[in-house]
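Chemist: Got a predicted model here, sequence first, then my questions.
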Amino acid sequence: MINNKQLLISIVCVLSACSATDKKLTAPATNDKVQSTVTYSKKIDWPVDNVAFCNAALDEATMQYDGFRKTYTDPSKVPRSFSNGVTRFDPMLGWTTGFVAGSFWNLYEHNKNQTWLDTATEWTKALEKNQYNRKTHDIGFIIYDSFGNGLRLTNNKAYEDVIVSAAKTLMERFNPQIGVTYSWSWGTWEFPVIIDNMMNLELLYRASEITGDSVYRDAAISHATITMEHHFRDDYSSFHLVNYDRETGKPNWKQTFQGIADDSSWSRGQGWGLYGYTMSYRFTKEDKFLEHARGIANYILTHPNMPEDLVPYFDYDAPKYPEVTLYRDSSAASLVASALLELSTFVEEAESKRYYDAAIKMLRSLSSPAYLADKGQNGHFLLKQATGNYPANDELNSPLNYGDYYYLQALNRCKAL
Ligand code: GLY
């Protein structure tokens, strides 16, 4: 996830206290360069009825992913993205490895068909060693999307053991003095916590449900509460990374890593936050988490730089920088759509409709020729136009396996509402 340039920037920033002001804001951009990066696929005439649309989009996705599973047959080589005609694979301990198994589970959920069950089971089993993965906080993504979905859909008790074991591994990263789990094991930060880490709490909440031991859930609540305090600005946008001082337990450094500037609002980060607090409310029913999710949702849905089709630029502040290519991030849109659909089930009618309508608009945009790939194209991934890491010039205008995962999850959620 890091290249030498980023490592150097991180070291220089840590040593010299560089901040958002090092990346100067200039006059707003007048041109939307997104069009130049788009290739359009064949248009599909989707049903007007929303549930019928979600069913039809899952049927289409099933055909594309049938090509995917016939092309990528080795579950120890997990396809992650596709650029310039080349598929990038994640190593077995890589952070995105659970998403492909998770997408297969999502397709099994839709199709209820033995072959998708077999594929999902095979790709999940291949990830078993990750329950002991001490290299990453993303063990939550890896194990929950694969074994967590497997447990939800099959009630296979063996999956519970893997989830609890992985939660124990993740707990080794929890610092009770600071009250959060740390993110990266590389770089020069003292105790870095990225907003993405909210997603790994799902594993902890679930482990407490399985074992009846509140230790995992308490850690998750602590992490979510402290992150609320230190990652978020008054307008509910979030910093990407907060570094904590181990002595004082207080933050001593805030910056971006994948956004355009330290004081900017990286789109996927807002999505991780929205999803993380909505999910935290699902498990805890703590009002403060629901209020926080509502605040983030409002930030996203009222942002002046949100494009008309509700598929955000990779950073909500990107249009302030004329030199920046305004890549979209379809993965941020699919993630937000999925979170909004869940959030819509926790609030009163008018607000629920607002979230539902926005999520459906996002899903319909993502299912349009600008974002949804033709069959057999795009390395057999579903969504085009995601942004992995703009500052590192990495995975730009590319499919990402997690974008596909949340798109499929959102379509299933839409079906179930
Ligand atoms: N969790 C890493 C990313 O969102 O790119």
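Modeler: That came in fine, so what should we check first?

Chemist: Work out for me the element the residue nearest to residue 156 when sequence neighbours are not counted sits within.
Modeler: With Cβ to Cβ, 6 or more residues apart in numbering as the measure, residue 150 is the residue that lies nearest to residue 156, at 6.1 Å, once sequence neighbours are left out. Where you see a C-beta, it was placed from the backbone N, CA and C, and this is true even at glycine. When secondary structure is defined by DSSP states H and E, residue 150 falls within helix 149-154.

Chemist: how far does the helix or strand where residue 278 lies sit from the chain's center?
Modeler: For residue 278, the enclosing helix or strand under DSSP H and E is helix 267-284. Relative to its parent chain, helix 267-284 has a centroid offset of 10 Å by Cα atoms, centre = their mean, to the nearest Å.

Chemist: Grab the longest helix from this structure for me.
Modeler: Looking only at the chain and at elements set by DSSP state H, the helix with the highest residue count is helix 50-71.

Chemist: next helix or strand past that one?
Modeler: Counting by DSSP H and E, the next helix or strand C-terminal to helix 50-71 is strand 78-83.

Chemist: ok, and what's touching that next one?
Modeler: Contacts of strand 78-83 from elsewhere in the structure, counted by Cβ atoms under 8 Å, 6 or more residues apart in numbering, are 68, 72, 87-90, 92, 94, 96-97, 99-100, 123, 378-381, 386, 388, 395-401.

Chemist: Which ones among the residues you listed lie within strands?
Modeler: Among the contacts of strand 78-83, the members falling in strands (DSSP state E) are 87-90.

Chemist: quick one: residue 294 from the ligand, how far?
Modeler: Computed as Cβ to the nearest ligand atom, to the nearest Å, the residue 294 to the ligand distance reads 22 Å.

Chemist: swap in residue 297?
Modeler: Look at residue 297 and the ligand: by Cβ to the nearest ligand atom, they are 19 Å apart.

Chemist: helix/strand/coil for that residue?
Modeler: Per DSSP: H, G, I helix; E, B strand; the rest coil, the secondary structure class of residue 297 is helix.

Chemist: Show the model's pLDDT score for it.
Modeler: According to the prediction, residue 297 has pLDDT 99.

Chemist: I'd say it and residue 275 touch.
Modeler: No. Contact status for residue 297 versus residue 275: not in contact, 10.5 Å apart, counting by Cβ atoms under 8 Å.

Chemist: Can you check what angle separates whichever strand or helix holds residue 358 from helix 50-71?
Modeler: Using DSSP H and E, residue 358 sits in helix 349-366. Between the direction of helix 349-366 and that of helix 50-71, the angle (axes from the mean of the first three to the mean of the last three Cα atoms, to 10 degrees) works out to 40 degrees.

Chemist: what helices or strands is helix 349-366 leaning on?
Modeler: Using 3 or more Cβ pairs under 8 Å, 6 or more residues apart in numbering; DSSP states H and E as the contact test, the elements touching helix 349-366 are helix 50-71, helix 287-301, helix 330-343, helix 401-416.

Chemist: Would you mind finding the most buried of those?
Modeler: Ranked by mean neighbour count under mean count of other Cβ atoms under 10 Å, these are led by helix 330-343, which reaches a mean of 29.

Chemist: Only the C-alpha atoms, please, for that helix, written as PDB.
Modeler: Included here for helix 330-343 are C-alpha records, laid out as PDB according to Å, rounded to 0.1, in the frame of the first residue of the first chain:
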ATOM      1  CA  SER A 330     -17.100   4.300  -7.600                       C
ATOM      2  CA  SER A 331     -16.000   2.300  -4.600                       C
ATOM      3  CA  ALA A 332     -16.800   5.200  -2.300                       C
ATOM      4  CA  ALA A 333     -20.300   5.400  -3.900                       C
ATOM      5  CA  SER A 334     -21.000   1.600  -3.600                       C
ATOM      6  CA  LEU A 335     -19.800   1.700   0.100                       C
ATOM      7  CA  VAL A 336     -22.000   4.700   0.900                       C
ATOM      8  CA  ALA A 337     -25.000   3.300  -0.900                       C
ATOM      9  CA  SER A 338     -24.800   0.100   1.200                       C
ATOM     10  CA  ALA A 339     -24.400   2.100   4.400                       C
ATOM     11  CA  LEU A 340     -27.300   4.400   3.600                       C
ATOM     12  CA  LEU A 341     -29.600   1.500   3.000                       C
ATOM     13  CA  GLU A 342     -28.800   0.200   6.400                       C
ATOM     14  CA  LEU A 343     -29.100   3.600   8.000                       C
END
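
Chemist: Use 437 as the first number from now on
Modeler: Will do, 437 is the new start, and the previous item becomes helix 766-779.

Chemist: next one: that helix to chain centre, how far?
Modeler: Taking mean C-alpha positions (Cα atoms, centre = their mean), helix 766-779 and its chain are 9 Å apart.

Chemist: what angle separates that helix from helix 486-507?
Modeler: 130 degrees.

Chemist: could you give the mean pLDDT of helix 766-779?
Modeler: Per-residue pLDDT values across helix 766-779 average out to 99.

Chemist: now check it, is it near the ligand?
Modeler: No. Under the criterion of Cβ under 6 Å from any ligand atom, the ligand is not reached by helix 766-779; the shortest gap measures 7.7 Å.

Chemist: For that helix, which helices and strands make contact with it?
Modeler: For helix 766-779, the elements it packs on are helix 703-720, helix 723-737, helix 785-802, helix 837-852, judged by 3+ Cβ pairs under 8 Å, 6+ apart.

Chemist: want to try TSV for the ones you listed, with distance to residue 596 as columns?
Modeler: Formatted as TSV, the entries for those read as follows, by distance: least, Cβ to Cβ, whole Å:
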stretch	distance to residue 596
helix 703-720	16
helix 723-737	25
helix 785-802	31
helix 837-852	21
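
Chemist: How many residues are close by residue 593?
Modeler: 9 (other Cβ atoms under 10 Å).

Chemist: from the stretch 437-586 of the chain, which residue is nearest to the ligand?
Modeler: Among residues of the stretch 437-586 of the chain, the one nearest the ligand by Cβ to the nearest ligand atom turns out to be residue 531. It sits 6.2 Å away.

Chemist: Excluding chain neighbours, what is closest to that residue?
Modeler: Nearest-residue entry for residue 531: residue 574, 3.7 Å, with adjacent residues in sequence omitted and distances by Cβ to Cβ, 6+ apart.

Chemist: In contact with the one you found: list those residues for me.
Modeler: With contacts defined as Cβ under 8 Å, 6+ apart, the neighbours of residue 574 are 531, 632, 636.

Chemist: Find me the pLDDT at it, would you?
Modeler: On the pLDDT scale, residue 574 gets 96.
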